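*Asks:* with the input below, show me the fold.
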Amino acid sequence: MSGSASNAPDIAVLLPCYNEAATIGQVVRDFRVALPDARIYVYDNNSTDGTALTAMLAGATVVRERRQGKGHVVRRMFCDIDADIYIMADGDGTYGPGDAEELIRTLITERVDMVVGTRRGVHDDAGRNGHAFGNRLFNGLYRLLFGNDFTDILSGYRAFSRRYVKSFPAVSAGFEIETEMSVHASRLKLPVCEIELDYGRRPEGSHSKLSTFKDGFKILWMFAMLMKETRPFAFFGLISAGLMAVSLAAMAPVLYEFFTTGLVSRMPTWIGAMALMMMSFLSFTAAMILDSVARSRAEQLRIHYMTLPALKRTVFTPEQTADAAPAKTGRSARAAAKGDRSRAA
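*Replies:* As a prediction, this is how the structure comes out:
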């Protein structure tokens with residue numbers, strides 16, 4: 001990626017890996033060709049198949065992360081590495097390193113903090129059908145809960161600004177880390193962008209580490225926890241409404257009996273209904289208090305984000321500017337990639 005020497009950004013390519021010896025060497029070499037001036041880091045997460053050695057021989061800087069899980073790896077990467085621009089991709093060869101320059105160009109020219117490379121094949125046949133259905137389900141659920149129109153919240157191919165990386169708390173342990181990344185952008189109302197990229201199948205001999213049901217449940221659980229942390233009024237408000245509905249349903253026949261006969265024959269039901277109503281009021285009170293706390297935390301994160309230096313706008317050549325794909329920006333937007341980007345599966 002060319003630009004003026006004085007304005008050239010410091011780029012770091014981050015590749016979290018677990019047992020990707022069959023693909024990581026070629027991925028590192030392809031990134032070296034695509035981004036010759038970038039620093040390439042492979043974070044090995046207890047691989048047993050020689051992933052670390054293969055990456056090292058291909059020219060990457062290898063770091064070991066002993067705590068198992070992609071979330072732990074991402075937290076370590078973001079903590080360890082200082083750069084102007086971060087490219088994060090998987091080491092399985094499903095993402096095209098040649099698309100990295102387009103991610104970087106979009107990040108700089110559109111002045112956003114995160115560019116998500118949405119996977120063109122993920123809704124069709126590039127992977128198991130369960131994964132494609134789950135991706136559609138989670139995207140729809142995300143829009144319902146967090147009100148942001150990301151089209152592929154689980155994509156592992158992203159470009160970040162330093163501002164984003166150094167303000168991201170990263171509390172997830174596993175594959176749900178991508179969901180947390182999207183929620184962080186929505187929570188702080190950061191400028192983000194999406195561009196559609198090709199997504200290929202894993203090469204023969206490489207196996208997915210995702211479990212459709214196990215990891216799907218973890219992502220659903222992360223949705224609930226992130227909603228509790230970022231939208232506590234809605235989270236506890238729903239609990240309060242549910243408790244109130246059950247309380248009134250249990251209370252109604254007891255009240256009817258009392259007003260018609262003057263007797264209360266089901267005292268345990270009445271006591272239980274009153275207990276549920278009290279719990280409903282407590283949940284609503286907690287919702288109001290925690291909503292104020294969440295707003296304060298978001299403000300503090302936003303202030304910290306604003307203290308970090310913004311990314312300087314690299315000067316591109318006329319050819320680069322002409323080739324740049326137009327992108328729609330905002331809280332979340334989608335940019336169609338220009339031209340065909342064919343790559344071998």
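*Asks:* contacts, neighbours, all on C-alpha from now
*Replies:* Fine.
*Asks:* confidence score at the residue nearest the centre of the chain?
*Replies:* Nearest to the mean C-alpha position of the chain, counting by Cα atoms, centre = their mean, stands E178 at 2.5 Å. Looking at E178, its pLDDT is 88.
*Asks:* give me the element it is part of.
*Replies:* helix 177-187 (DSSP states H and E).
*Asks:* can you pull the contacts of the residue nearest to the centre of the chain?
*Replies:* By Cα atoms under 8 Å, 6 or more residues apart in numbering, the contact set of E178 is 153-156.
*Asks:* 6 Å instead?
*Replies:* L154 (Cα atoms under 6 Å, 6 or more residues apart in numbering).
*Asks:* swap in M244?
*Replies:* So M244 contacts 277, 280 (Cα under 6 Å, 6+ apart).
*Asks:* in the helix or strand it falls within, what counts as buried?
*Replies:* Under the criterion of DSSP H and E, M244 resides in helix 232-261. Neighbour-count burial for helix 232-261 flags 232-241, 243-245, 247-248, 250-251, 254-255 (criterion: 16 or more other Cα atoms under 10 Å).
*Asks:* what mean pLDDT does that helix have?
*Replies:* 93.
*Asks:* next helix or strand past it?
*Replies:* Remark: after helix 232-261, the chain's next helix or strand is helix 267-307, criterion DSSP H and E.
*Asks:* now that next one: how far from the chain's centre is it?
*Replies:* 25 Å (Cα atoms, centre = their mean, to the nearest Å).
*Asks:* now do stretch 53-72
*Replies:* With Cα atoms, centre = their mean, you get 21 Å for stretch 53-72.
*Asks:* any buried residues in that stretch, and which?
*Replies:* Quick answer for stretch 53-72 (16+ other Cα under 10 Å): 53-56, 58-60, 62-65, 69-72.
*Asks:* now whichever helix or strand comes after the helix holding E178, how far from the chain's geometric center?
*Replies:* Following helix 177-187 in sequence order, the next helix or strand is strand 192-197 (DSSP H and E). Strand 192-197 sits 13 Å away from the centroid of its parent chain (Cα atoms, centre = their mean).
*Asks:* could you list every helix and strand in contact with strand 192-197?
*Replies:* strand 114-119, strand 334-335 (3 or more Cα pairs under 6 Å, 6 or more residues apart in numbering; DSSP states H and E).
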